[in-house]
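Engineer: Let me see the structure of the following:
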Amino acid sequence: MFRTRRLVLKALWLCNAFAGLFYKCYLFFARGVDVSLLADLNVWQRRNLRLGRNVTVRRGCIIDAPGGSAITLGDGVTIKENVHLLTYGGPGIAVGARTTVNSFCILYGHGGLTIGRDCLIAPMCVFIPANHVFDDTRVPISRQGVKCKGIRVGDNCWLGTKVTVLDGITIGDNCVIGAGAVVTHDIPPDSIAVGVPARVVKTRGEGIDHGGHGAHGGCTERKEVFPEFSAVTMR
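Structural biologist: Numbering: from 1, shown residues only. Purely as a prediction, here's the structure:
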């Protein structure tokens, strides 16, 4: 009995592996979607995956959207190595066109997570659109459920390494969040925010002459962008 069960489980695993391989080949040749053969993409959830063109998903990624959840990746999105996109049956996760999510980030979708277009998400950022209920000290926290409001990150934002964004937060367009910040309240558009908890220290664009010169006059220096970003940000 035990041996039969093991054989059945192994056969199911092989079926899933081959189905995933064919699905990844289909995505690559039909839609230009480059999903690593070492990425964990559940082929049985393909109806919940909405992938734009020229999407790249690197090795070690886990993409899981059970039930009625959905994961949407816009055109030109890049998901680097070992990123987790996990909806846990919530509304889901949506990442806008040309956004790059770097290695070891964790994106949850309990209450819904939306990241806008042309964003740069540095390594090890965490987005948690949920909070555990812990009011009753007589009941284990794990049994009290969760509250979910959702997270929204606007277009053209840069989040530094190890930024944590908590539930119910909106980060406006064109924001920069410093490395290691914990975002516990809304950040207005065009803001630079740092610290724990994150606080706005500056507004982007202050002191800049938009007539073509820098704040101190003369020509501004043009520097080369990193090649890995240029393909995404310069389109």
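Engineer: For Asp75, which non-adjacent residue is closest in space?
Structural biologist: Distances taken as C-beta to C-beta, 6 or more residues apart in numbering place Gly52 nearest to Asp75, at 3.8 Å, with adjacent residues excluded. Using the backbone N, CA and C atoms, a C-beta is placed for each residue, glycine as well.
Engineer: so that neighbour sits right up against Ala94, yeah?
Structural biologist: No. In this structure, Gly52 is not within contact of Ala94 by C-beta atoms under 8 Å, at 10.9 Å.
Engineer: and for those two, which residues touch both?
Structural biologist: Jointly contacting Gly52 and Ala94 under the rule C-beta atoms under 8 Å, 6 or more residues apart in numbering are Gly74.
Engineer: lowest average confidence, helix or strand, in this structure?
Structural biologist: Sorted by mean pLDDT, DSSP states H and E, the helices and strands of the chain end with helix 227-233, the least confident at a mean of 38.
Engineer: Provide the count of other residues in contact range of Arg143.
Structural biologist: When neighbours are counted by other C-beta atoms under 10 Å, Arg143 registers 8.
Engineer: So for Leu159, what's the pLDDT?
Structural biologist: What the model reports as pLDDT for Leu159 is 97.
Engineer: which SS state does the closest residue to Gly74 other than its chain neighbours fall under?
Structural biologist: Spatial nearest neighbour of Gly74, chain neighbours left out: Ala97 (3.6 Å); criterion: C-beta to C-beta, 6+ apart. Following DSSP: H, G, I helix; E, B strand; the rest coil, we place Ala97 in the coil state.
Engineer: could you measure Ala97 against Gly172, distance?
Structural biologist: Per C-beta to C-beta, to the nearest Å, Ala97 is found 18 Å from Gly172.
Engineer: can you give me the helices in the chain?
Structural biologist: Secondary structure of the chain (DSSP state H): helices located at 2-31, 227-233.
Engineer: Which of those helices comes out lowest on mean pLDDT?
Structural biologist: Across the helices of the chain, helix 227-233 gives the lowest mean pLDDT, at a mean of 38.
Engineer: looking at it, Gly60 is touching Asn82, isn't it?
Structural biologist: Yes. The criterion here is C-beta under 8 Å, and Gly60 meets it with Asn82 at 4.0 Å.
Engineer: Tell me which residues touch Gly168, please.
Structural biologist: Gly111, Pro129, Lys149, Gly150, Ile151.
Engineer: from memory the residue nearest to Gly74 sits against Asp118, does it?
Structural biologist: Yes. Contact criterion C-beta under 8 Å: Ala97 and Asp118 qualify, at 7.4 Å.
Engineer: any low-confidence regions in the chain?
Structural biologist: Applying pLDDT under 70 to the chain flags the ranges 1-3, 5-46, 207-235.
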